[in-house]
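1. please work out how this folds:
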Amino acid sequence: MRIRTLSAVTASILAVGLMTGGAAAFAAPQESPAPQADTFVDGVPAPQDDTFIDGVPAPSGDDEAPDADGVVLGGMPCPLVVTPADLAKGPVTLQLGQALIVVLDADNGGAFTGTGGADDDAVVHFDAAVLSSDDDEVSLNAAFSADKVGSTKGWIAGADGQRTTFDITVTAA
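-> Below you'll find the predicted structure:
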């Protein structure tokens, strides 16, 4: 637990409040609002069984079921996050629409800033990392995206020039 000390400004505001409103105003019990059955948190409507967001129906059928590798969000399989060492171990299987994100270290993340590609860009497409020096802008990890059912050879080359080649198979969802 972190303990914060009062700054001079905060202390003076509190002192003025106590002098003008009286300590009794601050010590008086506060009335808590009665909970409503149709609210979730602080007036936000409770989720309904048959709605998703703003009255849009929730996904139904097989789109909600998790796949063998993990969770499916909105009908799209979650990205597969791997390191170059993982790719060197063997083939990769992706579902159509799934992303293969390459990071330097599985425990700490870290952006892979090398290059990559595939023999057949129609099956998987490589996008290099986009790193922002400004905290207000988005940085993107290097990733392959599964665009078409099929198989191809993929490759990555790190900043040190070391090239790793691996097989990628894209299956229908």
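
2. what ranges do the strands span in the chain?
-> Remark: strands assigned in the chain by DSSP state E are 72-73, 76-77, 80-82, 92-95, 99-105, 109-111, 115-118, 124-127, 142-146, 150-157, 163-171.

3. select, out of those strands, the one closest to Asp135.
-> strand 109-111 (14.7 Å; C-beta to C-beta). Glycine gets a C-beta too; all of them are placed from N, C-alpha and C.

4. follow-up on the earlier one: most tightly surrounded among the strands of the chain?
-> strand 142-146 (a mean of 22; mean count of other C-beta atoms under 10 Å).

5. paired strands for that strand, with orientation please.
-> Strand 142-146 sits in its sheet next to strand 99-105 (antiparallel), strand 124-127 (antiparallel), going by DSSP bridges.

6. convert the C-alpha atoms of the longest one to PDB, please.
-> If I follow you right, that is strand 99-105. C-alpha atoms of strand 99-105 as PDB (Å, rounded to 0.1, in the frame of the first residue of the first chain):
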ATOM      1  CA  ALA A  99      -2.200 -13.100 -36.500                       C
ATOM      2  CA  LEU A 100       1.200 -14.500 -35.600                       C
ATOM      3  CA  ILE A 101       3.000 -11.800 -33.500                       C
ATOM      4  CA  VAL A 102       6.800 -12.000 -33.200                       C
ATOM      5  CA  VAL A 103       8.400 -10.700 -30.000                       C
ATOM      6  CA  LEU A 104      12.000 -10.900 -28.800                       C
ATOM      7  CA  ASP A 105      11.300 -12.400 -25.300                       C
END
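
7. between that strand and strand 150-157, how many degrees?
-> With axes from the mean of the first three to the mean of the last three C-alpha atoms, to 10 degrees as the basis, strand 99-105 and strand 150-157 are set at 30 degrees to each other.

8. on that earlier part again, need the strands of the chain in JSON lines with mean pLDDT and distance to Asp135, can you?
-> Below are the strands of the chain laid out as JSON lines (pLDDT from 0 to 100; distance: least, C-beta to C-beta, whole Å):
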{"stretch": "strand 72-73", "mean pLDDT": "54", "distance to Asp135": "26"}
{"stretch": "strand 76-77", "mean pLDDT": "81", "distance to Asp135": "28"}
{"stretch": "strand 80-82", "mean pLDDT": "92", "distance to Asp135": "22"}
{"stretch": "strand 92-95", "mean pLDDT": "95", "distance to Asp135": "31"}
{"stretch": "strand 99-105", "mean pLDDT": "90", "distance to Asp135": "19"}
{"stretch": "strand 109-111", "mean pLDDT": "77", "distance to Asp135": "15"}
{"stretch": "strand 115-118", "mean pLDDT": "95", "distance to Asp135": "26"}
{"stretch": "strand 124-127", "mean pLDDT": "95", "distance to Asp135": "22"}
{"stretch": "strand 142-146", "mean pLDDT": "94", "distance to Asp135": "20"}
{"stretch": "strand 150-157", "mean pLDDT": "96", "distance to Asp135": "27"}
{"stretch": "strand 163-171", "mean pLDDT": "95", "distance to Asp135": "31"}
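
9. good, wrapping up.
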